[in-house]
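Undergrad: Structure, please.
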Amino acid sequence: MANLKDVAKLAGVSVATASQALNGKSVNEKTRQKVLECAEKLNYVPNRGGQTLITGKSNSILLVIINSTKYADLIKENTFFYSYMMGILSEAQKRDYNFHLEVKSWDDPELLSFFRNRCRDKSSDGMIIIPQYIKSYGFLPFIEKFPHVVLNPCIMDDKMNFVMVEHEYGGQLVADLVVKKGFKKIGAIHGPQDHYDAECRREGLVKRLSSHRILLPEDCQYFSDFTIKSGYNGASELLGKHPDLEVLVCCNDFVASGVIKFAREKGLDIPGDLAVIGYDNVDVSRAVTPGITTIDAKLQEVGGAMARLLFRQIENGERHLRTYIRPELIHRESV
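TA: As a prediction, the model looks like this:
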């Protein structure tokens, strides 16, 4: 298999000039065309590792999702992260960048070593981090000077680049809908209590209901792990204690679909006997019957925004970048 040195020799130029020509750098057009013709003649395929040695860049970015062993692995249990990945991949492909995924755990004793090594070994030019849970971010010192974007950080740091989805506002939208529809007997299935997005959604809901002088009793609340199964179990528990509930507010669409499954098994009509509200606007919200009224968290848009912020750092050296994204209410048949 031909290498860069072979292409340079056939074209009669230096290895550095051949590399610049193949990577769109500043060489004269006649030289560029000659190098490209020689590369095609030799069936040359660029070696990413070799390019890293020459240019100092890997032309790849890394997505790191940090899970917790206390809960279900959402990478395997549902398609939530897929939309983020599609948004990131779209931006990476525009720039001819590779995109890699690493799934880590907060319980891994080697987690901080992972971040330290990835920021030093030049295997990627930048990373996107989805920490999910309310934890102390021990990785911050390692990423400060490395191109990075953190999604929905629970800790604000002046040197951090982040994208923040305003989930508390999303919870407020749900509360406003509940009030508008005149529901009095309200149940809620929240996400994990130590999951930052879930807590923002819960706080937005509870505080806005309170501002309307509506209290959400503790025994009308259930904490799930974001899965269909936990939505089913939550509906079973809450409706078992309160069969007269008029609406169940759910922390995501998978939980909401679990509620719908339980309700159908019990012969309940949705929305006639029970209204259901989801969150995120993922594929399942459109696939189940009835369609789930939900909050659009704009997942693919968020993925694209994270990637664009990362490339602004990689390409232009910009720092201290922040983007805020506001969810929207999507009306469907479950309310």
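Undergrad: Next, count neighbours for Met160.
TA: Neighbour count of Met160, defined by other Cβ atoms under 10 Å: 20. Glycine gets a C-beta too; all of them are placed from N, C-alpha and C.
Undergrad: Check Lys41 too.
TA: 12.
Undergrad: One more: Val249?
TA: Look at Val249: counted by other Cβ under 10 Å, it has 30 neighbours.
Undergrad: which element is it on?
TA: Element membership for Val249 (DSSP states H and E) is strand 247-250.
Undergrad: Relative to that strand, what are the paired strands and their orientations?
TA: Paired strands of strand 247-250, with direction, are strand 186-190 (parallel), strand 275-277 (parallel) (DSSP bridges).
Undergrad: In TSV: those strands, plus distance to Leu309, mean pLDDT and mean neighbour count.
TA: Output for those, formatted as TSV (distance: least, Cβ to Cβ, whole Å; pLDDT from 0 to 100; neighbours: other Cβ atoms under 10 Å):
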stretch	distance to Leu309	mean pLDDT	mean neighbour count
strand 186-190	29	98	25
strand 275-277	31	98	26
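Undergrad: Count the neighbours of the closest residue to Ile75 other than its chain neighbours for me.
TA: In space, and not counting its chain neighbours, Ile75 is closest to Val103: 5.6 Å by Cβ to Cβ, 6 or more residues apart in numbering. Counted with other Cβ under 10 Å, the neighbours of Val103 add up to 15.
Undergrad: looking at this, Phe254 is in a helix?
TA: Yes. Counting by DSSP: H, G, I helix; E, B strand; the rest coil, Phe254 is found in a helix.
Undergrad: Hmm, it is touching Val282, no?
TA: Yes. The pair Phe254 and Val282 passes the contact test of Cβ atoms under 8 Å, sitting 7.4 Å apart.
Undergrad: list the residues that contact both of the two?
TA: Asn78, Phe80 (Cβ atoms under 8 Å, 6 or more residues apart in numbering).
Undergrad: Neighbour count for these two, which is higher?
TA: Phe254 (28 against 24).
Undergrad: contacting residues around the more buried one?
TA: Glu77, Asn78, Phe80, Phe226, Thr227, Ile228, Gly231, Val282, Val284.
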